[in-house]
Structure formats: structure tokens, C-alpha cells
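Q: What follows is a predicted structure for the sequence shown.
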Amino acid sequence: MEQQAQESAASAVAPSQHELSVRFAVTATTASGEFVFLSGSCHELGKWRLSGAVVLNKEDSTTTSDAAATSSNLWTLTIPLPVGQEISYRYFVGTYGELHGSERVVLVRTFESHIESRKVRTPQTNGRVHEATYEPAQYGLLSGKERVQRGWLSAESEVHLRFLSNAIHWWKARHRAKAHSILIVPMDLRYRENSQEDEDDLSSPYANEMELAVLNQDECRFRQQGKFGRILKPDEVVIFRMRVLEPQFMAYRCDFFAYEPGTEDVAVTEEGPQPKNVGCCYIFPSNAKDSYGDRTVMINGMKHQPIGQLFVHYMMVQPCKAIESTLEVSYAKYWRKRKPLDIGHRGSGNSFSVKTQCASLRENTIASLAGASSNGADFVEFDVQLSKDKVPVIYHDFTCYITMRRRHGSGDSISSTSSNGSSRGDGGDAFGELYEMPVKDLTLHQLHMLKLNHVSEKDGSTKYNVADDHQPFPSLEKALRVLDPDVGFNVEIKFPLSYKDGKHEAENYFERNEFVDVILAATYKHAGKRRIIFSCFDPDTCAMVRVKQNKYPVSYLSHGEVTLWPAYADSRTHTTRTVLYTAIAYDLLGINVHTQNVLTNEWLIQEAKDAGMVLIVWGDENNDPAVIRQMNDLGVDGVIYDRIEEFKSDKDNVFRLEYRAKRALLEQIREITIP
């Protein structure tokens, strides 16, 4: 594989009269099997597409006089490029993978993620090689700032195995009295079949690629697991992850090590006491046929007798084939520091709340979103889910009330008959019987043609305008196309969760990967240059959106300890601290938390800033100018609130103001420099 890569890098043709040989050089530390690649804005560098990237050569320190080659890994490439052009480019570290029955693919391990890319201007050639930089560049360092991100899923999948403190159930008291760690060894079943090594040696070519994170302050960033894995402690969440090209061939051996009482918190050394291997279990592809779920696996002791059970939550994140992520730019971790953003809640505000004054426009409609935009909203926040025919639509609740009549005109009404033969339902003769229906069970055509009501409109009536732009269930595509491109979108992805009491927000829902892919595809196709932030109450959906693409940022949405709503079953949602650690673990942009979380947790703002997290607040408390000012003074990055037309005096959003200021400055410079 390495020889093929070097041959590929050396295959550049001689420059034509319209081209110039340019030499690129960068120092980068790489692992075995990794290479440095170059991607850029011109055809020769792939026009930012991963498939067109070119691989660099690793210099041998014994054959080069370049000082950089002896102190670090020096990678170089000389390639013909068009003359007289400014060419943008980035480096990334990747490897090659081979799909079964397919050509090899490039997999991105890490990439340079500065908003401004590297640039080289090719002069008119005099036949000499042009150096892209005077000295070898340092990978990830540009203009004194280091910016490197983990790569996205291009062809590979990412497997997550999550364990809670009660994940292991030992059947014997002697096991229950001790602390145990879990070490996960990935095993390619094809590799084992062809291996000529001792059958007791269960090593794997993927053994060093398994990472773990623990949702606490010190261990919430993923790293390679230790020799004995990680002890499962009370009230902790431990997450293992790895990337693999063909997960259907992967199995995972879980080894368990017992620690003598009093030694579990002592660092294990070669000279000190070693934890004892007491058993193992196997998670086979057949144990995880679906991409998401829970499984219980039998633990066998060293004499092959069953000694306990392991409860594991697994998730397989698959690459999104409906979009193409490129190296051109990534906003996934970018946030320009400015005054806190004003974000319109569901557009112009919640229109069905009984706790506050309702908005004058129906929430989550084109009219409501446009109203907030015209009244100075920097971003508008709204909820997106899928119709039955898998079209992203904007609506908050998972269910709605339906009456068997069309939206407009009583002449189009269809008689509705109740189960007892009466045509009079809860809504009376004028509306027929109302039925509560999951949004996912209605096609986009049905959502647009039938008369639908919010769950609070059980009498079949509505107080809102019935014109098309005021109707519920606009498509995400329409919002992206028709609304002012200067207003940003905070797209809340509505994926249902289980409650702690065993109930569920919506049963038999879409498969997570497909659900996320449909929303990403619509966004990539129609967003243009619009600013987008994704958010979700489900941490696994956040993790999926983050690794399936590299362009748009993701924020973890939570109400933490606030008890206004039923608690979710997922322990990652229970406390604000765990929410913060989860966002750090999944490398998200930040967190969207309830205002009460900020007011009751004085540590939150500073710890979020220290972790590089963007902090946005939401909640009914924000529908008070005094609270908005308080949040701004505390230093949050954005405030989501209702009725923005009442509370915001400046009707221009911050992005339009910045654009006009920039144009005015350029005009002043032009007047000064041009006689």
C-alpha cells in the first residue's frame, strides 16, 4: 500500500508552457499506514474533492539535507500547476482502505480546518521550480493558530459501544465485591480466518484504533484505551468507538479484569500488582443486526463457564452517501466572537403556550420565520422531522390532530363518522371527529391537503391565518429557498427519546442513519451560503450529524436538571455537567441549555468557555427583556426567545450590519488609494 502511494505521488507529469512546477513541503507526524495528502481549489489538486486529492512523498532523513527531515516527518510533492493564479489548498492526514470488490478509497484521519485556507500564487514561469512556502509548513499551523479536526465518514462506518455503571451483572458475590475494568479488542473475522498465528493470540490489525471516553471532567475527550481498558465506576458513562470500513465482518472481544479492593485507583505498573483477567465475552455482527440498540451478552469465565452478563448499548454510524463533504471549508468548530445572537424561537415565537403571551403568527411556518427575519433575528430556530414519504418538514410536536376534511372551504369537507355511527366528534358537526396522528404516518401531500390542528386545538378551530405561508408543515427545502439568506438557521432535529418512566416520545420511528441522511441531503442541496447550526435533544443523533459531514456545526440541546418536562431515560441528558462532557466528547460546537441551567449553575459559563464550547440559552424565562440583558451580560453566545419583534429595537440582524460596515470600509479604502 505504501509503495502504491509513493508511486502515485511520483507520477506527476512535466509542466506545459502554461504550467509551473510547484513544490509543497510540510512536516507532520503520522502513524504507520498514514500519509499526508494535498487538496486544493484547482483541477490539479482535485477541486477540494477527496477523490482528487494528491498524496505527498515522505522524505528519508538519510538521503536529504533538509533539516526538517531529521527533526520531524517531512512530506513533499512537486506538481505542475497553472501559472498566474492564486491557488487555495489544505493538507490532511489520511490512509487508504479497500472495500470488498471495489477500488481503494481515501479515508481522512485529520484535516486542517482554518476558515482561511493556505494560498500560493503561481508567478509567470521562467522554467524554475516554485516553492509554495519559503520553509516547510507545519501541519495544522497557519498564521500562528493551530486548527486540526478529526475526519468525517467518507466510506467507513463508526461503531460506538456505550456502558453504564451497571453494565456488568456478576452472578457470584466474590465478583461483585471487586471493581472490574473492560478492555475491548476489535477482531476482523476474515483476518482471523486467514491468520497463521497461534489461536490463543487474538491480536487484530485494528487493535490500536479503539478509543474510549468517560463522561467526566478529566476523561471526556476520546483517547486510546489502556492496557487493561477502563474500570466501570458508579454513575459513570464509558463510551468506546472505532472506525471500520466493513463493520459486518467485525466482532469485539470484551476482556474483564478484577482489581483487589483498594487497588482500583492505583496506577498499574509493571512492578506493581496486576489486575486479574477473570473472563470475556464476544459481541458478534449477529448481535448487532440493526444500527442501533441494546444487547445483553453472556460473560464466560477462564474455565468457559458463564459467570455474568454484560449490557451494552451499540450504535453504528454509517457514511452519508447522499452528500459529498469536501476540504474547501469547515464551520463545524467555527464561531466568530461577537455580541450574543438574537434567535427567534420557532420563528416569531411559541404560538400555543399557556404560560406566556402567544406569538401573533403560527409557530414554525414560513410567515413566522420570515416575520422574525424581518424584525432583526440573527438566527431563527425551528424543528424538523420527516413525513411518511421521508420529506423534512418543519413542525414541533410528534403528533397532530386531523379531521377528515380539506384545509380550505367547507364545500370540500368529507363527512367523518365516529365509532358509534355519529358524525359528531369532539370538534362538533362543523369539523367532524378529530384523530391524533403521528406526523410520521402522514405523507407531505396529506400534511398539506388535510385540515390539521395542533394538539392544543382539539376543538378543531384555529385562531391563525389560513393563507399558505401561515400553514403548518412547510418543507425544510422551502424554508431554505425562500427565506432571507442573511438569517441563520438553528435546525433542531426532532428525533424521539425514551422517558425514564418507560414511555416513548414516538414509537417505531425511522432508522437513525436514514433519518439524519435525508435532513443532511436537503440542507446540503438548498442551503447555499446560509449559516446553519444543527441541534438535538438526542446525544446520539448529535454524534451522528457531527461525523457524517464536516461543514455544519452541531450543538447538544438539553434542559438538564429542569423538571418542567419528564426526564429522559438516557443518563447523558440528566445533568448539565454530563451534557457539557458529552458535547466535548463528541467534538460538538457547543450546548443549547435552558436558562434555568445557567442561573442555577454558576460554574457553567466559565467551564463552557474553558472547553471552547459555544453556549446558547432557551426557555420561557427569556421572554423578558431583563432576562435577555442578564444573559447577554453573563456572556452567553446566543439567546433564543419569542416575539422578537417586541423585544428587539434594531431591525437589522448582525450579519447584515457587519456586511454593510465591511463595504463602507472598503469604499473608504478605495477613495484613499484611487486618485
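A: Looks like it came in fine. Numbering: from 1, shown residues only.
Q: tell me the centre residue of the protein?
A: Residue closest to the average C-alpha location in the chain (Cα atoms, centre = their mean): residue 546, at 1.8 Å.
Q: need the helix or strand of this protein with the lowest average pLDDT.
A: Every helix and strand of the chain was ranked by mean pLDDT, DSSP states H and E. The lowest is helix 67-71, at a mean of 44.
Q: buried stuff in the very next helix or strand once past that helix?
A: Next helix or strand after helix 67-71 toward the C-terminus (DSSP states H and E): strand 74-82. The neighbour-count check on strand 74-82 (16 or more other Cβ atoms under 10 Å) flags 74-82 as buried. Every residue, glycine included, has its C-beta placed from N, CA and C.
Q: Closest to residue 319 out of the residues you listed?
A: Of all the buried residues of strand 74-82, residue 319 sits closest to residue 75, with 26.5 Å by Cβ to Cβ.
Q: now the closest one: how far from residue 44?
A: According to Cβ to Cβ, to the nearest Å, residue 75 stands 17 Å off from residue 44.
Q: same thing with residue 85?
A: Applying Cβ to Cβ, the value for residue 85 to residue 44 is 11 Å.
Q: Show me which of these two is the more surrounded one.
A: residue 44 (18 against 13; other Cβ atoms under 10 Å).
Q: Report the separation between that one and residue 165.
A: Taking Cβ to Cβ, one finds residue 44 at 54 Å from residue 165.
Q: Please apply the same query to residue 60.
A: Where residue 165 is concerned, residue 60 sits at a distance of 50 Å (Cβ to Cβ).
Q: Look at these two and report which has more neighbours.
A: The neighbour comparison of residue 60 against residue 165 (other Cβ under 10 Å) goes to residue 165, with 13 against 9.
Q: Run through the residues that contact residue 574.
A: 560-561, 567-568 (Cβ atoms under 8 Å, 6 or more residues apart in numbering).
Q: Could you pick out the buried ones from these?
A: By 16+ other Cβ under 10 Å, those give 560-561, 568 as buried.
Q: residues contacting the closest residue to residue 313 other than its chain neighbours?
A: Excluding the flanking residues, the one nearest residue 313 by Cβ to Cβ, 6 or more residues apart in numbering is residue 162, at 4.3 Å. Taking Cβ under 8 Å, 6+ apart as the contact definition, residue 162 lies against 237-240, 312-315.
Q: Now flag whichever of these is closest to residue 158.
A: residue 315 (8.5 Å).
Q: Hmm, residue 239 and that closest one touching each other?
A: No - contact criterion Cβ atoms under 8 Å: residue 315 and residue 239 do not qualify, at 9.5 Å.
Q: what sits in contact with each of these two?
A: Counting by Cβ under 8 Å, 6+ apart, the residues touching both residue 315 and residue 239 are 160, 162.
Q: What segments of the stretch 1-150 of the chain are strands?
A: 19-27, 35-40, 54-55, 57-58, 74-82, 86-98, 104-112, 118-121, 130-131, 137-138, 141-142, 145-146, 148-150 (DSSP state E, counting those that start in this stretch).
Q: and the fifth one with strand 86-98, angle?
A: So the one you mean is strand 74-82. Here the directions of strand 74-82 and strand 86-98 differ by 120 degrees (axes from the mean of the first three to the mean of the last three Cα atoms, to 10 degrees).
Q: returning to that earlier point: would TSV of the contacts of residue 162 with pLDDT and neighbour count be doable?
A: TSV is the format used below for the contacts of residue 162 (pLDDT from 0 to 100; neighbours: other Cβ atoms under 10 Å):
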residue	pLDDT	neighbour count
237	96	24
238	97	24
239	98	24
240	97	25
312	95	23
313	95	18
314	95	19
315	96	22
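Q: Just to be sure, which of the residues you listed are found in strands?
A: Secondary structure from DSSP state E places 238-240, 312-315 of those in strands.
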